[in-house]
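# what shape does this take:
(4 chains, ligands or ions: 6)
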Amino acid sequence: MANKKEITITDETAWCPGCGNFPLRKALLAALRDMNLDSDQVAMFTGIGQAAKMPHYINVNGFNGLHGRSFPPAIGTRVGNHNLKVIVESGDGCSYGEGGNHILHNIRRNPDVTHLVHNNQIYGLTKGQASPTSEEYIRTGIQIEGTTAKPFHPARFAVGMGASFVARTFVGDQDHLKKMVKAAMEHRGYALVDILQPCVSFNKINTYQWYSERVYKLDDSYDPSNIDNAFEKAREWGDNIPIGIIFQNEEKIFRDRLLLEDDEPLVEKDFNPKDAKSIMKDFK
Amino acid sequence: MANKKEITITDETAWCPGCGNFPLRKALLAALRDMNLDSDQVAMFTGIGQAAKMPHYINVNGFNGLHGRSFPPAIGTRVGNHNLKVIVESGDGCSYGEGGNHILHNIRRNPDVTHLVHNNQIYGLTKGQASPTSEEYIRTGIQIEGTTAKPFHPARFAVGMGASFVARTFVGDQDHLKKMVKAAMEHRGYALVDILQPCVSFNKINTYQWYSERVYKLDDSYDPSNIDNAFEKAREWGDNIPIGIIFQNEEKIFRDRLLLEDDEPLVEKDFNPKDAKSIMKDFK
Amino acid sequence: MDFNILIGGEAGQGLKTIDDILGKILFREGFNIFSSKDFMSRIRGGHNFMQLRISDQKLYGPENDIDLLIALNSETVEIHREQLKEDGIVLIEGESEVIDGRTILVPASVIANDINPKAVNTVFVGAILKAMNLNLEIAKKVLADNFEEELLDDNIKLLERGYNSVEPIYDNLEANITKANDEIFIDGNSALGFGALSGGLRFYSAYPMSPSTGIMKFLAGQQKDYDLVVEQAEDELAALNMALGGSYSGIRSMSGTSGGGLALMNETIGLAGITETPVVVADVQRPGPATGLPTRTGQGDLLFAINSAQDDFPLMVIAPRDQEDLFYTGFRALNLADKYQIPVIILSDQFNADSSKNIKEFDFDSLTIERNIISSDDENAENYKRYKFTEDGISPRAYPGQFKGETVLVDSDEHDEKGHIVEDAETRIKMVDKRACKIDKLIEEDLQKPNYYGEEDINYLLLTWGSSYGPAREAYQLLKEEDIKVGLLSFNDVWPLPKDKLKELAEDAELVTVELNSTAQFKSLIASETLIDVENSILKYDGRPFTGKEIYQRFLDEVIDNG
Amino acid sequence: MDFNILIGGEAGQGLKTIDDILGKILFREGFNIFSSKDFMSRIRGGHNFMQLRISDQKLYGPENDIDLLIALNSETVEIHREQLKEDGIVLIEGESEVIDGRTILVPASVIANDINPKAVNTVFVGAILKAMNLNLEIAKKVLADNFEEELLDDNIKLLERGYNSVEPIYDNLEANITKANDEIFIDGNSALGFGALSGGLRFYSAYPMSPSTGIMKFLAGQQKDYDLVVEQAEDELAALNMALGGSYSGIRSMSGTSGGGLALMNETIGLAGITETPVVVADVQRPGPATGLPTRTGQGDLLFAINSAQDDFPLMVIAPRDQEDLFYTGFRALNLADKYQIPVIILSDQFNADSSKNIKEFDFDSLTIERNIISSDDENAENYKRYKFTEDGISPRAYPGQFKGETVLVDSDEHDEKGHIVEDAETRIKMVDKRACKIDKLIEEDLQKPNYYGEEDINYLLLTWGSSYGPAREAYQLLKEEDIKVGLLSFNDVWPLPKDKLKELAEDAELVTVELNSTAQFKSLIASETLIDVENSILKYDGRPFTGKEIYQRFLDEVIDNG
Ligand SMILES: Cc1ncc(C[n+]2csc(CCOP(=O)(O)OP(=O)(O)O)c2C)c(N)n1
Ligand SMILES: Cc1ncc(C[n+]2csc(CCOP(=O)(O)OP(=O)(O)O)c2C)c(N)n1
Ligand code: SF4
Ligand code: SF4
Ligand SMILES: [Mg+2]
Ligand SMILES: [Mg+2]
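Numbering: from 1, shown residues only, chains lettered A, B, ... in the order given. Ligands and ions are numbered 1, 2, ... in the order given. Okay, here's the model as predicted:
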């Protein structure tokens, strides 16, 4: 058995053979190991979906919560113990659909959280309905002639919202994926990594080939600190899909705004009921 | 008594004297009358809050639903009867806070709906907590030293999301407000009008004066069809706050994507159970 | 005859195709048939199985003991070996290790490889039909219905090769064909959607959630032929609020979900209650709480559905007992929602939803849509008041734009007759009473009595709500065969609870609820509504449905032996 | 003595300041005091009123008959004229029309105009104190506590001028001062927040909602002095999920809301149930459904809270009876949530939340925090299993990062001891049973018996849960004074329901629940849990609290006269 502290992955998963979740996990593992993180130092928060099963397949602390609610519990844990490296991870449906309000407002909070979205442009676990990111011409059992709405573009949205770190990557490029995960984890603040991940079972449009033919890497000449450029890049989709850090900016994080006295994690602080006794004088 | 068809307003309201909701209502009434709309031709969908009480104070059809859920019922009504002019109206807390996921996804649907947000940058009805749009340095009974998140900027968000019509206006400028409401109602598709509305009871920062000193009108040289310009303008806030149509673009609307045979409103179509009988053969 | 086929394998191996095609063939052959499914919550791998039970008698549920085990992988044999009857037969891929004399090898992959390597399942269908000694005539027609033209020839070839690859085993199954001609073979989700569509449903808005998604899928498929909009909402909060908006605009609207989604709709169900907006919500139950067992069955949402939102307001909860009931309930729920201007919750479950059986063709002559929307010559059309006080609590309903110059105002706050916000005690009390009294009328005019099976004079009474009816019905027959004096009272309407027959029968019989939950929720409901003590409950909460034999056996062990 | 002051006027006129200051003065003077509020759901205008009742006896609730009516506008006189006792006095702004000889004019605006036109309310306080023949000593100290220095002098001037503007009326009120010194005067929301803070609460995440926001406000104000984070969530879904995340990380976490918000938390309460994550949720009830009457009181969420989510899982519901109880419940709920790793719902209500009364100082010596988190020397710290099967169902709890090399995994799906997803029947059953059996232990070790007031031998038993206790307690005393053999059983813990005392007393007494809802929910709960028939229910659902006299009178009319 490997050193217990070392992060490991399971042999068994409930994913389909050939699924993009496998290379995603592989790169994630490599990134976490590169960063010398022990299994107990990372806490992963997921929702429900195929992607969301991740904490069962990689040995870190895991809170596998409700569909759409991967994010809020992570905030609670940031409050209780900011020494943990916090990853929020889930599918596109969970993160951008059911969970839309949480990403909206957590971009505003800018917590020190890495947000990995397995964007397979489909609802996998429920067998292939359109997700918010599905192409509008997709046909499914529910969207029999395409969707009734235009697609949600995560990077465009996040740049629009003023997220402090916005990246896109593709499971077909392991090095890039690993680099993006590491950059996100090193970023102080909220970091969205939208990960293009083919679903071989249900998404017959956005296949490995489809992505491979379209993605291109942002090169060094690209300046991710410029919001106007970022918004332009973030809108690119279709024939050419840029991958890389689209926008990055250091800002106050959630914890900076809390009224805590010192940096000791709350979970480690002692408390005696009598400490509160003096409040009674306000009611005298 | 006025002609029953004519849209009228009530004498009594539960709003505070001096509230920005009054001039807002006045301009709304003027706009609706200008457009020759009868009271039965308009349906207004609101949530809960001070702003959301509007359908009690203006004589149009009204669905005064739940806090945060002003928008979804409007979609249902668009399905049932697209002959009605549909207005979604509510406060900033209701629309951008509790209701965040609905605005996110209804921008994608692009329904033919006018969305009027009374943005007083505060939770009025619950007595003055920070709303998503509150300035971060606001102090309230809950946000004792300011908010724990940076403000939500509606126009920036909506342009970021690719909304087909994004405008900002101010209750202090009746003509402008009326013009924006009319333009929104004439726009085919989703039209967000973020309306700066002082709350004289709870928001001591964003007062009439504060806004008056800062707002300026976008002039004719501004081209609202250019997304890059729009994103730049949408980000302006603070010392200079542009008002006007920030972005506009004609696109497919929600109804265009439905699989309905003809244009007759569903509510007026007849149906006999026997029409469905032939489906039985699929189960033979 | 009672002949039970189990088809097992990994998710993704095409089990469902075998099951669909074989089910249809056996139905068309004329057998009574009950088909049920056991899925894992995954897309590939794991272990899934389907059961096809056929008989000359009417069937009410699945059966554990297997006559014919179709194993698409060897794990299936491992898992189900115990269930195999003494004379049971296993059909398995050729390469696998042979278990005993009763194992038949089907060289399915070899055959398929020649034509279409992915179509192993069609080969299996052929082999199964041969084993059952049925001919290929109907099978070919079914294939023609199922495959696009360019694939059909290949599949027929595969079918024939499969057919020719094995020897017949059973020779007189066909003698058991008794089914009437005017029947259909339908799953529960489709039946419910079909019922609602027949009721003039115009708008279904929902968020995908197992095991309810089948309703949405059925309805989505009808959009081109009917004036119907199926919209996938961004979340369940939107889903039900959208439906309310549809209903407000005057069209029949509905949503569907499972327990976790219903838990997001509670506030909105209250909104339907106080705004008196008709709406129907289907909760296709699965085990919980939270995510629980997403693809399995349970009946744990009874009390949750009844107590759907804060404070008191009228609503109705119906738990259809089978596929036939699901259809009529889908239809009836829309009528009742409109008549009483209330939310109606339909409690189905995965067992009901994903099982198919042969039932009588639906009787369209019996269906009448009653909107209870006033017309322009109604005296209430002028100076229209959405919440007018009336004797029975039901206010005249109109929709926005219906009458020139009149507006329709509905409100989530307490309100007056016009729909405007009020806070005074007097109006509040009158409005609460107005809403509450609608239920009195419902109880009087529309509440469906439970079905009773049995004699007058009984010692034991089985009580079921919803889908446990089927297996309990079978158990009831088995118990009667043992001369046990037992009756079965099967509830469809559960809230408000129809009490009369229950009170009458409870006087002399020992009561036993049969429920797929761990706390005997129906027992609690009966206690709170009637003060009647239910002595026993046969409970199961592992996510699997009951079988008739299981209830029968547990009745003997837990009720009689302890009695 | 029983002296009742009502202060009425428009929202925005500063009523609350009068009420706060006057309440504090009367408390410090040494009266027993009960202060309650009646708000409209608006910020300005309308009609609000506050009541201050003082006595030499302990007070349990408000009273309708008014001794002293402080009318900040003439509408107040219109509305409350009927309640005025025969010898009641009205204090009103000088300009208003005089009603009768017992109306005293206070030239408040004239006086205020000289100094600070907005401070009419301080003038009124002075006038009231003079009318009551109290001196200004304590009043000045209270003003000093309430106003910033630059405003203090002016306010003292206003107070004195008000004082001098009228003549004394009552001359022996002071003789009724009896209250002990070791008391505090506190409202229910603060008491609950204070209790939780004393229990080591670290994280409160909530979304504003009347009438619960006071808890959040109290706690927010403590953030600078205590290691506490109060976060306003984007919605209630986030609020409770955030709290669960806090709890998962090892800190005590809580959320609060009212019924409509609780209706958005249902799925998450189930999540707390299946993940066994301790959490406390306060539901400060108001009338519903949906938005209902936002600022008023009710007890309509009992069954909704008990049946909080789909399917079965253990949870606890506590309904504190008064301000004292709210404090201890806030503390105790956190202990119980941690001990049993369950969600605990505290059912308060607007009446409880917004009323203040004098109670004994809290006994901090009695408070011990019990986290039930294992330490590193625990045998379970190695190869840590979050859901280890144990005899009492309670698994060893650790938090992420606590033990080197160990991870903590919690899951919303059904899971095994390690927290990994499972679907097999056996583990499912064991996990359901494990979770359920925690409640048996809770019933044995921690369930609080209801308080009983009365003799052994009674004819009638009043049953209350939560805040109806206060008024019912007063009614009980009034009834006893009439020699009616009545007892009062006041429940605090309502789920699981403590049954023993109820069963014992029910044998010979006629039962009467007293509830602020329209369907007698507590009666239903008693029926389903004990099969005991509650013969009568005194119900009220207009959004206003009971008074003791009202219950007393209705008891005579509805119970005895019909009995
Ligand atoms: C409240 C709720 N609604 C719906 C579901 C059903 N559900 C489970 S996973 C899922 C979609 C998953 O899609 P995505 O998040 O993209 O993940 P993927 O499976 O594609 O990785 C849905 C709708 C649920 N579990 N809970
Ligand atoms: C589910 C739910 N949560 C919370 C509330 C309480 N609530 C009512 S109005 C409101 C905020 C109103 O703010 P906004 O939408 O900005 O409207 P305003 O009063 O400022 O016009 C809140 C939090 C509610 N009614 N329902
Ligand atoms: S369904 Fe799609 S996303 Fe899910 S495991 Fe299979 S291939 Fe991957
Ligand atoms: S509270 Fe503010 S927004 Fe509400 S009515 Fe008063 S001034 Fe207007
Ligand atoms: Mg997906
Ligand atoms: Mg606001």
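# where does the chain have low pLDDT?
Picking chain A for this. Residues of chain A meeting the criterion pLDDT under 70: A:1-2.
# you answered for a different chain; I wanted chain C.
Residue ranges of chain C with pLDDT under 70: C:95-101, C:562-563.
# which residues of it lie near ligand 5?
Proximity of chain C to ligand 5, by Cβ under 5 Å from the ion, involves no residues. Yep, even glycine has a C-beta here, placed from its N, CA and C like the rest.
# tell me the contacts of the residue in the stretch 351-500 of chain C that ligand 3 sits nearest to?
Using Cβ to the nearest ligand atom, residue C:354 is the residue of the stretch 351-500 of chain C that sits closest to ligand 3, at 19.0 Å. When contacts are counted by Cβ atoms under 8 Å, 6 or more residues apart in numbering or on different chains, residue C:354 touches C:36, C:37, C:39, C:187, C:188, C:189, C:211, C:214.
# at 7 Å what do you get?
Listed by Cβ atoms under 7 Å, 6 or more residues apart in numbering or on different chains, the contact partners of residue C:354 are C:36, C:37, C:187, C:188, C:211.
# what's the burial count for the fourth one?
Right, the one you point to is residue C:188. For residue C:188, the neighbour count with other Cβ atoms under 10 Å in any protein chain shown is 29.
# is it true that residue C:267 lies in a helix?
Yes - counting by DSSP: H, G, I helix; E, B strand; the rest coil, residue C:267 is located in a helix.
# name the nearest residue to it, ignoring sequence neighbours.
Closest residue in space to residue C:267, ignoring its immediate chain neighbours: residue D:263 at 3.7 Å, by Cβ to Cβ, 6 or more residues apart in numbering or on different chains.
# need the residues of the stretch 1-150 of chain A near chain D, please.
A:4-5, A:38-41, A:43, A:48, A:53, A:55-56, A:59-66, A:69, A:72-77, A:79-81, A:83-84, A:101-102, A:105 (Cβ under 7 Å from any Cβ of the partner chain).
# report the buried members of those residues.
Neighbour counting with 16 or more other Cβ atoms under 10 Å in any protein chain shown marks A:4, A:38-41, A:43, A:48, A:53, A:55-56, A:59-66, A:69, A:72-77, A:79-81, A:84, A:101-102, A:105 as buried within the residues of the stretch 1-150 of chain A next to chain D.
# list the ones among these that fall in strands.
The strands, defined by DSSP state E, take in A:43, A:61, A:62, A:63, A:64 from those.
# ok, the closest residue in space to the second one that isn't next to it in sequence - how many residues close by?
Once its chain neighbours are removed from consideration, residue A:61 has its nearest residue in residue D:400; the separation is 3.5 Å (Cβ to Cβ, 6+ apart). Per other Cβ under 10 Å, the neighbour tally for residue D:400 reads 30.
# quick check, residue D:400 in a helix?
No - Residue D:400 is assigned coil when assessed by three-state DSSP, not a helix.
# re the thing from before, CSV for the contacts of residue C:354, including distance to chain A and secondary structure?
Putting the contacts of residue C:354 into CSV (distance: Cβ to the nearest Cβ, whole Å; DSSP: H, G, I helix; E, B strand; the rest coil) gives the following:
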residue, distance to chain A, secondary structure
C:36, 18, strand
C:37, 13, strand
C:187, 14, strand
C:188, 17, helix
C:211, 10, coil
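# out of the residues you listed, who's near ligand 2?
When the contacts of residue C:354 are checked against ligand 2 using Cβ under 6 Å from any ligand atom, none falls in range.
# returning to what we had before: in this structure the residue nearest to residue A:61 contacts residue A:84, no?
Yes - judged on Cβ atoms under 7 Å, residue D:400 makes contact with residue A:84 at a distance of 6.0 Å.
# what residues does the stretch 151-300 of chain C put near chain A?
C:208-210, C:213, C:216-217, C:220-221, C:223, C:230-232, C:234-235, C:290-291.
# these in strands, which ones?
C:230, C:231, C:232.
# can you turn the buried part of those into a ChimeraX selection?
Buried subset of those, written as a ChimeraX selection, criterion 16+ other Cβ under 10 Å:
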select /C:230,231,232
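# quick one: which of the ones in strands among the residues of the stretch 151-300 of chain C next to chain A is nearest residue B:128?
residue C:231 (37.1 Å; Cβ to Cβ).
# tell me what the closest one is bridged to.
residue C:205 (DSSP bridges).
# report the contact partners of the residue nearest to residue C:466 when sequence neighbours are not counted.
Closest residue in space to residue C:466, ignoring its immediate chain neighbours: residue C:319 at 3.4 Å, by Cβ to Cβ, 6+ apart. By Cβ under 7 Å, 6+ apart, residue C:319 lies in contact with C:347, C:465, C:466, C:491, C:492, C:494.
# 8 Å instead, please
With contact taken as Cβ under 8 Å, 6+ apart, residue C:319 is in contact with C:299, C:302, C:346, C:347, C:348, C:465, C:466, C:467, C:491, C:492, C:493, C:494.
# out of the contacts of residue C:354, which are buried?
Buried among the contacts of residue C:354 (16+ other Cβ under 10 Å): C:36, C:37, C:187, C:188, C:211.
# neighbours of residue A:233, how many?
Applying other Cβ under 10 Å, we find 22 residues neighbouring residue A:233.
# also residue C:28?
Per other Cβ under 10 Å, the neighbour tally for residue C:28 reads 18.
# helix or strand for it, just tell me which one.
With elements taken from DSSP states H and E, the one containing residue C:28 is helix C:15-29.
# centre of the chain to that helix, how far?
20 Å (Cα atoms, centre = their mean, to the nearest Å).
# that one vs chain A: in contact?
No - counting by Cβ under 8 Å from any Cβ of the partner chain, no contacts exist between helix C:15-29 and chain A, the nearest distance being 10.6 Å.
# what residues go with each domain of chain C?
C:2-176, C:185-366, C:373-446, C:451-560 (automatic domain parsing).
# of all these, which lies closest to ligand 6?
Nearest of these to ligand 6, taken as Cβ to the ion: domain C:373-446 at 17.3 Å.
# what distance separates the start and the end of that closest one?
Counting by Cα to Cα, to the nearest Å, you get 18 Å between the two ends of domain C:373-446.
# can you tell if that domain touches ligand 4?
No - using Cβ under 6 Å from any ligand atom, domain C:373-446 stays clear of ligand 4, with a minimum separation of 13.7 Å.
# contacts (any at all) between ligand 2 and that domain?
No - judged by Cβ under 6 Å from any ligand atom, domain C:373-446 makes no contact with ligand 2; its nearest approach is 8.4 Å.
# what about the helices in the stretch 1-150 of chain C?
According to DSSP state H, counting those that start in this stretch, the stretch 1-150 of chain C carries its helices in the segments C:15-29, C:74-80, C:108-115, C:120-131, C:137-146, C:149-165.
# out of these, which is the most enclosed?
For the helices of the stretch 1-150 of chain C, the largest average neighbour count (mean count of other Cβ atoms under 10 Å in any protein chain shown) is found in helix C:120-131, namely a mean of 27.
# can I assume residue C:282 sits in a strand?
Yes - membership of residue C:282 in a strand is supported by three-state DSSP.
# how many neighbours does it have?
Residue C:282 has 31 neighbours, counted by other Cβ under 10 Å.
# which residues does it bridge with?
residue C:256, residue C:346.
# contacts only, for residue C:111.
Here residue C:111 is in contact with C:123, C:158, C:161, C:162, C:165 (criterion: Cβ under 8 Å, 6+ apart).
# how much space separates it from chain A?
23 Å (Cβ to the nearest Cβ, to the nearest Å).
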